[in-house]
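J.: have a look; sequence and predicted model below, questions after that.
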Amino acid sequence: MSATYIDAIHQAQRELLAERDDVFLYGQDIGGFGGAFKATKGLLEEFPGRVMDSPISEDAMVGMAIGAAISGMRPIVEMQFADFSSIAFNQIANHAGTHYYRTGIPVPITVRLPCGGTPGSGPFHSQMVETLYAHYPGIIVATPATVSDAYHLLKESVEIDDPVVFCEHKFLYRWLKTSEIDPEPLPLGMARITRPGKHATVVTYSAMVHEAVRAADRLAKEGWEIEVVDLRSVKPLDMDTVIASVARTGRLLALGEGFPWGGVTAEVVSRVVAEGFHLLDAPPLRLNSKDTPIPYHPDLWAAHRPTPESILEKLRELLNL
Amino acid sequence: MSATYIDAIHQAQRELLAERDDVFLYGQDIGGFGGAFKATKGLLEEFPGRVMDSPISEDAMVGMAIGAAISGMRPIVEMQFADFSSIAFNQIANHAGTHYYRTGIPVPITVRLPCGGTPGSGPFHSQMVETLYAHYPGIIVATPATVSDAYHLLKESVEIDDPVVFCEHKFLYRWLKTSEIDPEPLPLGMARITRPGKHATVVTYSAMVHEAVRAADRLAKEGWEIEVVDLRSVKPLDMDTVIASVARTGRLLALGEGFPWGGVTAEVVSRVVAEGFHLLDAPPLRLNSKDTPIPYHPDLWAAHRPTPESILEKLRELLNL
Amino acid sequence: MESSAASAPIISGRLDTDLIRRTLRVMIISRTLEAKLSSLYKAGKIVGGVYLGTGQEAFSASLGCCLNQEKDIFAPLIRDQAGRTGFGEPLIEATRTYLGSALGPMRGRDGNIHRGRPAERRPAMISHLGTSVSLVAGMLIARRMKGELAEVVGATCVGDGATSTGAFHEGLNLAAVEKLPIVVLVADNQFAYSTPRERQFACENLVDRARGYGVTGREVDATNLFECLAVVHEAVKAARAGEGPQMVVGKLLRLCGHGEHDDASYVAPELKDSKLGRDCLEIGIQQVVDEGLATSDEVDLWKSEAAEEVQEAVANAQTDPAPDPYQDDWQAFSSKGINS
Amino acid sequence: MESSAASAPIISGRLDTDLIRRTLRVMIISRTLEAKLSSLYKAGKIVGGVYLGTGQEAFSASLGCCLNQEKDIFAPLIRDQAGRTGFGEPLIEATRTYLGSALGPMRGRDGNIHRGRPAERRPAMISHLGTSVSLVAGMLIARRMKGELAEVVGATCVGDGATSTGAFHEGLNLAAVEKLPIVVLVADNQFAYSTPRERQFACENLVDRARGYGVTGREVDATNLFECLAVVHEAVKAARAGEGPQMVVGKLLRLCGHGEHDDASYVAPELKDSKLGRDCLEIGIQQVVDEGLATSDEVDLWKSEAAEEVQEAVANAQTDPAPDPYQDDWQAFSSKGINS
Ligand SMILES: Cc1ncc(C[n+]2csc(CCOP(=O)(O)OP(=O)(O)O)c2C)c(N)n1
Ligand SMILES: Cc1ncc(C[n+]2csc(CCOP(=O)(O)OP(=O)(O)O)c2C)c(N)n1
Ligand SMILES: [Mg+2]
Ligand SMILES: [Mg+2]
C-alpha cells in the first residue's frame, strides 16, 4: 500500500486522536469537509466533538489553542494556508513562544501550516514561513521533506511540550509517495543525509530536498558526488550532522525556498563558518527564492524558486571556487 | 543647542509636515498627548487635522495608511511600541510589501517603530523587529544609530516611494545627544565607518553601534584597532562598505540586539563569506541577544543583550582565532 | 436597521429604468463570463483556481452600478465579478488575470480575483480577508485631507466568514470613528467555504453588528434584484450625503462551490430549495420583464451580446504573451538603486 | 441589554452580606497596595512602570469576588489589582513581580501587571490587548472536552480601548460560537491612555456590541459598588447556568494616569467632577456603612489591616533575592535536549 505525504499527515492525526484523549483538531473547514487539503477527512465522523470547524479568526484560533494547551490538552491547529498564519503571528510568537520562559508552564500546541509554492498559487498561497517563526524564541519549527517524516515528525510534534510550527509543503502533498513508512524514525532535531557524497554538501529542507537530489543526480553523471543533508527541522538545527558533512566535502551550498534576506540559509552558513571555518575549501554559498512576492504565473513561479537547473548552476559555481 | 535622538525624530516630522502637504501622522495617543515618547508633541496644535489619534487597531492603522498612500498621501504611522506591530504584520508584509510588485503602484508609508530594550521594559516593550520585516520582500528597514541619522533617515524615508519600517531605538531617545545635526547626510542605503580600525570589523546598527564603540575603545588601550561599521539600514544592506572594511581588517564580528536565529547578523556573515571569503583571516563571528524572550529585571535584561563586556570578549575570541 | 421590500425600486424619487436595465445586463455578463472561466478551469487552461459569484450577482452588481465610476472607490472581494463589471472593469482584465497574461493589470504576477487598478480606484485585493476595509478607509481619508472627498463614496464587499476577522472589525471601527462615506456589503451566503454560519457567528443576523460600530445597518433579500438595488442605492446615497458608514447585509446562498474545485456537496438540498437558494438572475429577469422595463427579446439579445463580449475577452487574452521570467525585473521596490 | 440600579444588591435571592463586605475589603486592600506601588515607583524602587486601577476597584473586585477561586478562571488586565485580590492572588505576588524578585511567579522574567499562575487558573497576560479573550475561551474548551466544565466560569477584563483590537473581536466571536461560560468585563473608563472614547469607537455605548456577537450585554454604573456586585453577579450566574457568553460594560473614569508616569492632564476637569468621576471606594464605604453592613470602625480596621498586609508584602519582596543572570537557564523551551 502506498501513502502520500498528505496521507501521512492524515494518518498521524488519526492515530494521535485514537491514542491520546488530549488531542483535538481545530481549523477552518476541517470538520465534515475534511479540510482544504483533506488532511482531516473522515476524522470528525470517527472522533466526534474532537475535530472542530473554526471561524475565520487565525488570531483567536491560536489564542484558543494556547488556552486549551495550558489546560491539559494538545490541540493541533490547521491553518488553511501558511500565509494566513500572519494573522496569528502575534499569538504564536508573543503568546505561545514566550509562555514557558515567562511562567514555567509549557504550551504544547502544534500549528500545521500548508506551506510552499505550487503553480498558480500566487503571492498569498505559496509562502514558506519557517524563518518567520524560527527567529522568535520558544518555537520549534519542523520542516518534513519525506512522507515518513511528515508522519513521524507530526506525531512527535504533538508529543512535545513546546509549541511546534509544523511546515508541510503543499507541493509534496500528493506528488510524494512512499511504499512504507520508515519504521525507525529519526527524532526531531536530527538531520538526515539524504544522499551521500564527497565533493560538496547541500543543506536544505522541505520540498527543496528533492530538487537538490535531482540536481545532484545530474551532476553525478559528470562524476561529482554531492551530499544532500535534509535538516528535517530548522529549529532546532542539527549542526553536528551539517558540520560532519562539510568536514567530508569541504564545500557548502545552503538551499531554501524562502525569501532570501535572513532565514534558514543565512543561519546555516553563519553557523558553519563560525564552527567549521577551517573545514571549508571554498566560500559557502546560498540559494533561495527571489526577493519579490511569489508570482502567480507558473513560468514566473518556476523562476522565482530554486529549481534543479538553478541548483545545478550554483553547485557548479561552488565546485569551481 | 543640543538635540536628542527623539528631538531629531520630532524635528524631522515637524519639518515634513511643514514642507509637504501630503504628509500626515497617525497613531495611538499622538495627537494632543504628543505620543507615548513625545515624538509628536505640539504637532497637532501646529498642524491641525494632520496628526490623528487612532484606535488600538494596528492592523487597520497600517491598512488605512496603505490606502492613503496609494491615494497620494505620505502617512507616517507611529506604533506605540515596535512589539505591537506584530498585529500589523500582515498589513506590512503582505499588503504594503507586495503592492508594488503586484500592481506597479508604490506604497509610500513610513511605519515608526520604537524598538529595543530599556531596563524594566520586559518581553513586550523591548523587541527589535528589523529582521521580521527585512525578511519580507518590498520593505525598506532603516535602523538609525545616531541623532543625525534619526533625523535624516526619517526625512528620507518619507520621501521614498516604497514602504519603510523605521526602527528607532528607545534606549537612545533621551540618552543620545548631538550638538549639531550633520549637514551632509549619507543617503539611506549607505553604511558608515563610525570608528576606523584595522584589526577587526564590527558590523552593527542601531543602539549596538555605541556598545561596539565602547568595546572598541577599551580594546584600543590594549593596542587593538577595531573598526565599527554602522549599517544605518539593514535593508538595503550596504555590502560595499562592509566588504571594504573586512578587506582592511580580515576579521568580522556581526553584532545585533535581535534574537539570534536568522536575522541581520546571519545575513551579514553569509554575504561576507559569499562575496569576500578570501578576505577573511579568521572565521566570522556573530553576537546577538539570547534566544529567550527579553526579561524584565534589569540584571537579566543587561545579560540578555550584548554589552560592551560581552562584545569585548567576543572580539578577543575573534582576534585570537 | 431597516429592511425594504420593493417590487420595483423607486430610486431618487423615480423608477430609474436605466439603472435597473444596466444592472441586469451586468448580471448577465458576469454570469456568462464566469461560466466560461469555469469551463476554462475544467479544461485545464486556468491554473490555481476559479472563484465564482453565482447567485450573488444582484447584490454585487447593484453596488457596482450604484457607484460613480469617475469618483468612487470599489474594493471587491472573491464573488464580485458582477460588481466589478458594474463599476467598469473591462472583461479583458478578468480573462487576462486568470490566464496569467503579461498584458493584464497584474502582468501574471498575481491571478484570478486578485486584480485591480488602484490608480483607477479599484484596489487589487490581497487574499487575507477583511483587509480591504481599512484600505478603503485610508483611500477616503486621503481624499478628505486633500479636500477631494465631496461626493465620493468608498465601497467594499466581504462575506459572512470575513466578518470574523480582526481586520474587518478594526477596519470598520476605524471607518466609523472617522465617519467616512464607506459602504460595506456583507454577502451572507450561508457558508464560508464549507463552514456554515452557526460555526462562524452566534448572532441571529449580521446586521445586528452595525449598531455596535455606530454604523447604519440594512438588510436585504439578496436574491431579489429590485430590493438589492433599492437598498444598496439607499446606502450609497446615505454615505454620499455624509451620513457615515453604511453596512448592508444581503441574505442569499452561494450557488456554486467555494471554487470550481469544490462540488459544495455540504450544502443541504433543503437550503438549495429554500427561498435563499433562488437564482437572483432568474428573478431579476422576471422582475424586469414583468415590470415592462425590458422585453424577453431584449434580455435574449443581452445574453447573446454577453456571450460575444466574453468570447472576445477570452480569445484576446489567450493570444497575449505570457510573462517572461527573463524579462521580469524581479523588483519589489519602485525606488531605483535600492537593492535589498 | 439590562441595567440594574440597586441600592443594596439582592444576590441569590437575599442580601449576601459576606460577599459585599469581602468585596469592600478587597477594594480597600487594592487601593492601599496600589498607593504603595506608586510611591515605590516614584522613589525609583520599581523600574519600568506602575499601572493602577484607581477608581475601578468596585467593578474589578466585584468580578474577582463573584468567581469561584477553586474552579473558575480569571484573566485580568491592566487595572485589575482589585479583581486579582478578590480572586485570591496573594499580595506578595504583586510586590514580587513589581520588584523583580526571583521568588515571584514571574521570577523577574516579566514584570508589573504581567503576572499570573496559569496552573491556578490565573493566566499571565501578555501586553497585546485583547489576546486574553481567546485564551480564556481555550481554557474553557479544554474543560469541556475533559468533561470538567460543569459549574466553571472563565472571566476576563478589557478596557474600552481594547475593544478596538482584532484579537478582542475574534476571541469574543469564537467564544460566542462555542457558547462558552465566559464573562467579559469592559471597563469603559473614558480613555485609552490619552485617547478619548470618541476617537476609539463610534457607537453610543459599547454594550451595543453584545447583540452583534450573540452575547448577553449588561451595563452598569461602575462607580456604584452595590450595582457592580448585583450586575456582575448576575452575569457570572448566567454564564455558570449555561446561558453563554456575558458582557458587562462598566461606566466609570480612570482616577489615575495611564501609568504612574502620566499625570493625565488631558482629562477635563468637568469629567472629573461628573458622576463618572466619583470614587467607587468612597461610595462603597458609604453604601456599606449606610446599609449597616459594617460600621465605620470596622472599615477603619480594614484599612489599617490592609496597610499592614501591604507593608508586609512589600517588606518581604524587598528582601527577596534578585534573579541571577548566571543562574538563569536562558531556556525558552521546556523540552530537554532541544537546543535551538
Ligand atoms: C485571513 C484569511 N483566512 C483564511 C482565508 C482562506 N479563505 C479564503 S475564502 C474563505 C471563505 C470566505 O468565506 P466568506 O467570507 O463567507 O466569503 P464567501 O466565500 O462565502 O463569499 C476562506 C476561509 C483567507 N483568505 N484569509
Ligand atoms: C495591541 C496593543 N496595542 C497597543 C498597546 C499599548 N497600550 C497599552 S494600554 C493602552 C491603552 C488601553 O486602553 P483601554 O483598553 O481603554 O484600557 P485602560 O488603560 O483604559 O484601562 C495601550 C494603547 C497594547 N498594549 N496592545
Ligand atoms: Mg460566505
Ligand atoms: Mg480605557
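T.: Received the coordinates, thanks. Residues are numbered from 1 along each chain as shown, chains lettered A, B, ... in the order given. Ligands and ions are numbered 1, 2, ... in the order given.
J.: OK, now which residue of chain C is nearest to ligand 1?
T.: C:Gly159 (2.1 Å; CB to the nearest ligand atom). To be clear about C-beta, it is placed using only N, CA and C from the backbone, and glycine gets the same treatment.
J.: and the closest residue to that residue other than its chain neighbours, how far is that from C:Thr223?
T.: Excluding its sequence neighbours, the residue lying closest to C:Gly159 (CB to CB, 6 or more residues apart in numbering or on different chains) is C:Ala187, at 5.3 Å. C:Ala187 is 11 Å from C:Thr223, where distance means CB to CB, to the nearest Å.
J.: mind showing which ranges of the stretch 1-150 of chain A have poor pLDDT?
T.: Scanning the stretch 1-150 of chain A for pLDDT under 70 picks out the ranges A:1.
J.: for residue 170, what are its contacts?
T.: Picking chain A for this. By CB atoms under 8 Å, 6 or more residues apart in numbering or on different chains, the contact list for A:Lys170 reads A:Phe37, A:Pro114, A:Cys115, A:Gly116, A:Gly117, A:Thr118, A:Ser121.
J.: nope, chain C please
T.: B:Pro55, B:Ser57, B:Glu58, B:Asp59, B:Ala60, B:Gly63, C:Val133, C:Ser134, D:Ser164, D:Thr165, D:Gly166, D:His169.
J.: from ligand 4, how far out is it?
T.: Taking CB to the ion, to the nearest Å as the measure, C:Glu170 falls 17 Å from ligand 4.
J.: likewise A:Glu19?
T.: According to CB to the ion, A:Glu19 stands 47 Å off from ligand 4.
J.: how about that residue, phi and psi?
T.: Phi and psi for A:Glu19, reported as degrees, to the nearest 10, are phi -80, psi -30.
J.: same thing with C:Gly250?
T.: For C:Gly250, the backbone dihedrals are phi -100, psi 130 (criterion: degrees, to the nearest 10).
J.: just to check, it is in contact with C:Gly55?
T.: No: at 10.6 Å, C:Gly250 does not count as touching C:Gly55 under the criterion of CB atoms under 8 Å.
J.: which one's more surrounded, the two?
T.: C:Gly250 (31 against 24; other CB atoms under 10 Å in any protein chain shown).
J.: tell me the bridge partners for the more buried one.
T.: C:Ala187, C:Val220 (DSSP bridges).
J.: return the distance of it relative to C:Thr223.
T.: Distance from C:Gly250 to C:Thr223, by CB to CB: 9 Å.
J.: let me see the ranges of the helices in the stretch 1-150 of chain A.
T.: A:5-19, A:43-46, A:58-69, A:89, A:97-103, A:130-134, A:147-159 (DSSP state H, counting those that start in this stretch).
J.: look up the closest residue to whichever residue of chain A sits closest to ligand 1, ignoring the ones flanking it.
T.: Going by CB to the nearest ligand atom, ligand 1 is nearest to A:Phe84 of chain A, at 4.0 Å. Once flanking residues are discounted, A:Phe84 sits nearest to A:Glu58: 5.5 Å by CB to CB, 6+ apart.
J.: how about C:Ala317?
T.: C:Ala317 sits nearest to C:Thr95 (CB to CB, 6+ apart), 3.8 Å away.
J.: could you tell me whether the one you found really is in a helix?
T.: Yes: the assignment for C:Thr95 is a helix, going by DSSP: H, G, I helix; E, B strand; the rest coil.
J.: surely it and C:Glu312 touch.
T.: No: C:Thr95 is not in contact with C:Glu312 according to CB under 8 Å; the separation is 9.2 Å.
J.: the two: who's more crowded?
T.: Neighbours per residue, other CB under 10 Å: of C:Thr95 and C:Glu312, the larger number sits with C:Thr95, 25 against 13.
J.: can you name every helix or strand that the longest helix along chain C contacts?
T.: When chain C is parsed with DSSP state H, its longest helix is helix C:17-42. On a contact count with 3 or more CB pairs under 8 Å, 6 or more residues apart in numbering or on different chains; DSSP states H and E, helix C:17-42 meets helix C:57-66, helix C:81-86, helix C:91-99, helix C:225-240, helix C:280-290, helix C:296-318.
J.: will you turn those into JSON lines that also has distance to C:Lys36 and mean pLDDT?
T.: Formatted as JSON lines, the helices and strands packed on helix C:17-42 follow (distance: least, CB to CB, whole Å; pLDDT from 0 to 100):
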{"stretch": "helix C:57-66", "distance to C:Lys36": "15", "mean pLDDT": "98"}
{"stretch": "helix C:81-86", "distance to C:Lys36": "11", "mean pLDDT": "98"}
{"stretch": "helix C:91-99", "distance to C:Lys36": "8", "mean pLDDT": "98"}
{"stretch": "helix C:225-240", "distance to C:Lys36": "22", "mean pLDDT": "97"}
{"stretch": "helix C:280-290", "distance to C:Lys36": "15", "mean pLDDT": "97"}
{"stretch": "helix C:296-318", "distance to C:Lys36": "5", "mean pLDDT": "98"}
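J.: stretch C:256-268 near ligand 3 at all?
T.: No: judged by CB under 5 Å from the ion, stretch C:256-268 makes no contact with ligand 3; its nearest approach is 8.7 Å.
J.: contacting residues around that stretch?
T.: Outside stretch C:256-268, the residues that touch it by CB under 8 Å, 6+ apart are A:32-33, C:37-38, C:41-42, C:49-55, C:190-191, C:193-194, C:253-254.
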